[in-house]
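**Q** got a sequence here, can you build the structure:
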Amino acid sequence: MLYQIENEELKVTCCDFGAELHSIYGKGEQKEYLWQGDESLWNLHAPVMFPYCGRLKDFKMQDEDGTWYTELINHGFARESLHKAAHREKDRIVFELRWNEETLKKYPYRFCLRTEYRLEGRNLFWSYTVSNEDNREMFYNVGFHPGFLLSEDYGTEDYGIRFEKPETPCQLHSDEEGQLRTGERTVYFKDQDNFLLTDTLFGKNFCLTDLKSAYVDLLEKPTGRYIRLYRENFPYTVFWSKPGKMRFMCIEPWSGLGDKTDSTYHLRDKDGILTLKPKETAVHLLRMEFGKDR
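**A** Numbers count the residues shown, from 1 in each chain. Here you go, the predicted model:
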């Protein structure tokens, strides 16, 4: 089922299946900001990533007691689960996904995941509240995966990525498929605060770490419009689109990483893994600002 929230500036549509955003619409400019999906390219919009980010080696993991969980999908099962619309106001909605017999077949912990969307002016606040309802320590990650629409009125190189300040980030390399990490890391660029999008930029995704900027922008240069993601509490930022003519751009703050090629298959050993003690709760927030350079 689709739900809408709105204020004077923005109208947002989201779905209880996957708790996924389906539309971010700017009222004044009459502009859609979110990728609207295309079966031939990418049929999602902004999937929720939980309880891990990226791919697990051989699509499986092992619990502390030796139990195996197999046939697991990229980025976790939350994006393919039905979430309950637990709370709704005109400019705010909260979805809830709790552990059940089906989730226990894919993930060994009893949990509660609340996904909230809230509007304030030209800002969309997207947050995850993760609670450990088990009687043991819980391992998990969350990530944000919004895909932003590139206007057909402009060329790919009319768009760019812009950081708050000059950066010298490291790229974490992956295998030929762009899925499992090799452990190699190299400097992506030095003392640079922006780069252009090109149709040859993506053969596969790339992940940057060691960023110091509080935010990263997707900038539409002819109009000065930008989508600003405040990602300062996330150690990894993934950039991804489909190879060829670029029609959308994903900017993805992640709290953790996908498996390495030499994975132990245990969540506890994943780089960037987060932990919650029994009955403990953590909140992870992404703020997206839809603005325009003056």
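**Q** quick one: contacts for Lys190?
**A** Thr168 (C-beta atoms under 8 Å, 6 or more residues apart in numbering). Yep, even glycine has a C-beta here, placed from its N, CA and C like the rest.
**Q** got the phi and psi for it?
**A** phi -120, psi 130 (degrees, to the nearest 10).
**Q** if I look at it, how far off is Lys165?
**A** The spacing between Lys190 and Lys165, counted by C-beta to C-beta, to the nearest Å, is 13 Å.
**Q** what does Asp153 give?
**A** 30 Å.
**Q** what does Glu96 give?
**A** Where Lys165 is concerned, Glu96 sits at a distance of 37 Å (C-beta to C-beta).
**Q** more neighbours: which of the two?
**A** Between Glu96 and Lys165, counting by other C-beta atoms under 10 Å, Glu96 is the more crowded of the two (17 against 11).
**Q** so what's that one up against?
**A** Neighbour list for Glu96: 83-84, 86, 112-115 [criterion: C-beta under 8 Å, 6+ apart].
**Q** hang on, it is in a strand, isn't it?
**A** Yes. Glu96 forms part of a strand when assessed by DSSP: H, G, I helix; E, B strand; the rest coil.
**Q** which strand residues bridge it?
**A** Going by DSSP bridges, Glu96 is paired in beta bridges with Lys84, Arg114.
**Q** look up how far Phe111 lies from it.
**A** Glu96 sits 11 Å away from Phe111, going by C-beta to C-beta.
**Q** what of Asp269?
**A** Computed with C-beta to C-beta, the distance linking Asp269 and Phe111 is 20 Å.
**Q** out of the two, which sits in the more crowded spot?
**A** Between Asp269 and Phe111, counted using other C-beta under 10 Å, the more crowded position is Phe111 (20 against 13).
**Q** what's the burial count for the residue lying closest to that one once chain neighbours are set aside?
**A** Nearest non-adjacent residue to Phe111, counting by C-beta to C-beta, 6 or more residues apart in numbering: Trp99, 5.1 Å away. Trp99 has 16 neighbouring residues, counting by other C-beta under 10 Å.
**Q** contacting residues around Trp99?
**A** Listed by C-beta under 8 Å, 6+ apart, the contact set of Trp99 reads 107, 109-112, 133.
**Q** 7 Å instead?
**A** Trp99 makes contact with 110-111, 133, according to C-beta atoms under 7 Å, 6 or more residues apart in numbering.
**Q** can you convert those into a markdown table and add a column each for secondary structure and pLDDT?
**A** As requested, the contacts of Trp99 are arranged in a markdown table below (DSSP: H, G, I helix; E, B strand; the rest coil; pLDDT from 0 to 100):
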| residue | secondary structure | pLDDT |
| --- | --- | --- |
| Arg110 | coil | 98 |
| Phe111 | strand | 98 |
| Glu133 | coil | 98 |
